[in-house]
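> Whatever this is, show me its structure:
(one chain, ligands or ions: 1)
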Amino acid sequence: MQGVVSKNYRELEFHQAVLEVVESVMPVVLATPAYQDAKILERLVEPERVIMFRVPWIDDRGEVQINRGFRVEMNSAIGPYKGGLRFHPTVNLGVLKFLAFEQVFKNSLTTLSMGGGKGGSDFNPKGKSDNEVMWFCQSFMNELFRHIGPETDIPAGDIGVGAREIGYLFGQYKRLANRFSAVLTGKGLEYGGSLIRLEATGYGAVYFAREMLATRGQSVEDKVAAISGSGNVAQHTAEKLLQLGAKVITLSDSAGTIVDQNGIDEEKLAWVMELKNVRRGRIRDYAEKFTGAKYLTDTKPWGVPCDLAFPSATQNEIDRNDAETLVNNGCICVSEGANMPTAPEGVDIFLENKILYGPGKAANAGGVAVSGLEMAQNRGFLHWPRDEVDQRLQQIMHAIHENCVKYGKNGDFVNYVQGANVAGFVKVADAMLKQGVV
Ligand code: NDP
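Next comes the predicted model:
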């Protein structure tokens with residue numbers, strides 16, 4: 001860890017992600033001299049390639065703007081680099097390295113052949129016109145296109161990169177490469193996208209919670225759920241929870257939380273989707289629209305008593321206090337739709353209290369899994385029906401859960417952090433071993 005910290009100066013999220021994995025896999029590494037001789041861990045923390053580039057574009061007032069673009073190609077031992085693009089002002093190299101590192105283990109867990117990568121920009125799509133977003137996406141792709149390809153690196157969406165952005169990015173790639181190829185996932189259904197990809201991360205996080213609850217003879221039905229965020233993952237987590245009979249009482253964005261003790265039903269959720277995806281408004285409007293709902297400015301949802309918690313916004317959104325509050329209020333299950341939303345001190349609280357805690361790299365792997373299914377359909381010129389993709393997603397989430405139990409069971413408690421890290425690690429490490437020092 002000393003080497004990681006000094007070599008990756010001030011990249012705190014990256015240090016955090018590496019430390020968590022190293023703590024879990026160290027017993028396996030110590031018991032396997034071949035991993036030590038081949039310096040598997042030392043190689044895993046070094047990205048295979050990092051690309052950083054200027055993204056100039058012109059805004060609606062004619063002013064030149066400059067953003068920074070990145071792609072971190074972390075590990076390709078088990079398949080081409082695969083991972084999303086994030087457009088958010090907080091994006092920097094350290095954040096993307098943490099996300100790319102997590103992605104390596106997550107992709108390994110999905111049972112599909114995908115390496116790990118992540119990219120993005122400090123561009124903020126919020127408040128920008130559709131034209132500005134398009135100019136930016138085109139300029140971003142002007143550089144990125146030479147580094148990606150269906151057998152090399154296949155980006156997808158993440159925070160700030162949804163259907164609109166993927167469309168613009170794909171259009172520019174196709175124009176530059178003169179090729180209609182499966183180089184992005186999360187594509188629109190009209191041009192090679194897969195059914196259920198849009199919903200997959202949220203649905204998958206609920207399927208993973210269902211698997212965890214079943215180990216204690218419980219189900220999602222009639223449980224009260226708190227969700228953070230109100231973007232892609234949060235919306236589809238809410239949708240699946242409602243389908244399975246749970247009551248959803250919170251959503252949030254970076255400015256605050258809405259609490260609706262009457263429950264956010266299908267109709268209210270449809271209104272939220274229109275608000276966020278079409279009008280691109282703020283979640284506080286919900287409290288004005290629906291009687292009985294409250295808006296809490298600058299507040300996260302974790303103080304609201306719930307049975308199930310689905311952090312679905314961003315990293316480190318649950319600190320020690322939040323975790324203690326959740327546990328003290330009776331929360332029995334946390335399934336992470338976001339990447340690394342719980343700070344290490346919060347994770348300790350969940351583990352000490354032996355609640356069901358599904359870390360992001362297992363619980364939110366449904367998104368990249370269906371991206372893998374999108375790639376498979378593209379290769380075969382196929383378009384699977386909705387039910388078929390959903391069935392496969394459920395099977396994959398079940399397999400991920402089984403793998404976590406296999407490597408994380410300790411007496412009658414399953415440590416899903418350890419399970420996910422070790423299961424993800426072993427496959428990648430063995431592949432690296434077989435491929436020699438590359
Ligand atoms: P979206 O951009 O669709 O939504 C993000 C949501 O999180 C918004 O409500 C946003 O609020 C909120 N948010 C973002 N940054 C912050 C912040 N710093 N503090 C508080 N709230 C914040 O992104 P997604 O739903 O796609 O992604 C959410 C999480 O899920 C991320 O951690 C992402 O990495 C993870 N994830 C996403 C996958 C996918 O398929 N999309 C796959 C796997 C993981 P606001 O509008 O105010 O910014």
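> Could you pull out the helices in the stretch 251-400 of the chain for me?
Under the criterion DSSP state H, counting those that start in this stretch, the stretch 251-400 of the chain contains helices at 266-277, 285-289, 320-328, 344-352, 360-363, 366-379, 386-408.
> CA atoms only for the last one - export them in PDB, please.
Extracted C-alpha coordinates of helix 386-408, given in PDB (Å, rounded to 0.1, in the frame of the first residue of the first chain):
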ATOM      1  CA  ARG A 386     -37.100  -8.400 -23.000                       C
ATOM      2  CA  ASP A 387     -38.000 -11.500 -21.000                       C
ATOM      3  CA  GLU A 388     -34.900 -13.400 -22.300                       C
ATOM      4  CA  VAL A 389     -32.500 -10.600 -21.300                       C
ATOM      5  CA  ASP A 390     -34.200 -10.200 -17.900                       C
ATOM      6  CA  GLN A 391     -34.000 -13.900 -17.300                       C
ATOM      7  CA  ARG A 392     -30.200 -13.900 -18.100                       C
ATOM      8  CA  LEU A 393     -29.700 -10.900 -15.900                       C
ATOM      9  CA  GLN A 394     -31.400 -12.700 -13.000                       C
ATOM     10  CA  GLN A 395     -29.300 -15.800 -13.700                       C
ATOM     11  CA  ILE A 396     -26.100 -13.700 -13.600                       C
ATOM     12  CA  MET A 397     -27.100 -11.900 -10.400                       C
ATOM     13  CA  HIS A 398     -27.800 -15.300  -8.900                       C
ATOM     14  CA  ALA A 399     -24.400 -16.600 -10.000                       C
ATOM     15  CA  ILE A 400     -22.600 -13.500  -8.600                       C
ATOM     16  CA  HIS A 401     -24.400 -14.100  -5.300                       C
ATOM     17  CA  GLU A 402     -23.400 -17.800  -5.300                       C
ATOM     18  CA  ASN A 403     -19.800 -16.800  -5.900                       C
ATOM     19  CA  CYS A 404     -19.800 -14.200  -3.100                       C
ATOM     20  CA  VAL A 405     -21.200 -16.900  -0.700                       C
ATOM     21  CA  LYS A 406     -18.600 -19.400  -1.900                       C
ATOM     22  CA  TYR A 407     -15.700 -17.100  -1.000                       C
ATOM     23  CA  GLY A 408     -17.200 -15.000   1.700                       C
END
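> and the angle from it to helix 366-379?
Here helix 386-408 runs at an angle of 130 degrees relative to helix 366-379 (axes from the mean of the first three to the mean of the last three C-alpha atoms, to 10 degrees).
> Highest mean neighbour count out of the helices of the stretch 251-400 of the chain?
helix 360-363 (a mean of 30; mean count of other C-beta atoms under 10 Å). From N, CA and C alone the C-beta is placed, and that goes for glycine too.
> contacting residues around that helix?
By C-beta atoms under 8 Å, 6 or more residues apart in numbering, the surrounding residues in contact with helix 360-363 are 102, 105-106, 109, 204-205, 208-209, 335-341, 400-401, 404, 416, 419-421, 424.
> how about that helix against the ligand, any contact?
No. Helix 360-363 stays clear of the ligand (C-beta under 6 Å from any ligand atom), getting no nearer than 6.5 Å.
> Just give the number of residues close to whatever residue of the stretch 51-200 of the chain ends up closest to the ligand.
Proximity of the stretch 51-200 of the chain to the ligand (C-beta to the nearest ligand atom) peaks at residue 159, 4.0 Å away. Neighbourhood size, residue 159 [other C-beta atoms under 10 Å]: 24.
> Mind pulling up the pLDDT for it?
With respect to pLDDT, residue 159 scores 95.
> Just list the residues touching it, thanks.
Residues in contact with residue 159, defined by C-beta under 8 Å, 6+ apart, are 86, 87, 88, 231, 314.
> Return the residues in contact with the last one.
Applying C-beta under 8 Å, 6+ apart to residue 314 gives the contacts 159, 229, 338, 341.
> Which one (most neighbours) among the residues you listed?
Counting neighbours by other C-beta under 10 Å, residue 229 leads the contacts of residue 314 with 28 neighbours.
> excluding its backbone neighbours, what's nearest that one?
Among residues not flanking residue 229 along the chain, residue 313 sits closest, at 3.5 Å (C-beta to C-beta, 6 or more residues apart in numbering).
> Phi and psi next, for the one you found.
Main-chain torsions, residue 313, degrees, to the nearest 10: phi -110, psi -70.
> Make CSV out of the helices of the stretch 251-400 of the chain and add mean pLDDT.
CSV is the format used below for these (pLDDT from 0 to 100):
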stretch, mean pLDDT
helix 266-277, 97
helix 285-289, 96
helix 320-328, 98
helix 344-352, 97
helix 360-363, 97
helix 366-379, 96
helix 386-408, 97
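> that older thread, go back to the contacts of helix 360-363 and keep what's next to the ligand.
Among the contacts of helix 360-363, the ligand is touched by 337, 338, 339 when using C-beta under 6 Å from any ligand atom.
> what would those residues look like in TSV with pLDDT?
Shown next, in TSV, are those (pLDDT from 0 to 100):
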residue	pLDDT
337	98
338	97
339	95
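> Find the nearest non-adjacent residue to the closest residue to the ligand within the chain, please.
The ligand sits closest to residue 231 of the chain, with a gap of 1.8 Å, by C-beta to the nearest ligand atom. Once flanking residues are discounted, residue 231 sits nearest to residue 276: 6.6 Å by C-beta to C-beta, 6+ apart.
> these two touch, right, the one you found and residue 233?
No. The pair residue 276 / residue 233 is not scored as a contact, 11.7 Å apart, by C-beta atoms under 8 Å.
> What are the boundaries of the strands in the stretch 151-300 of the chain?
153-156, 224-227, 247-253, 256-260, 293-297 (DSSP state E, counting those that start in this stretch).
> CSV for those strands, including mean neighbour count, mean pLDDT and distance to residue 17?
Shown next, in CSV, are the strands of the stretch 151-300 of the chain (neighbours: other C-beta atoms under 10 Å; pLDDT from 0 to 100; distance: least, C-beta to C-beta, whole Å):
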stretch, mean neighbour count, mean pLDDT, distance to residue 17
strand 153-156, 24, 98, 19
strand 224-227, 26, 98, 23
strand 247-253, 25, 98, 23
strand 256-260, 22, 98, 26
strand 293-297, 15, 97, 30
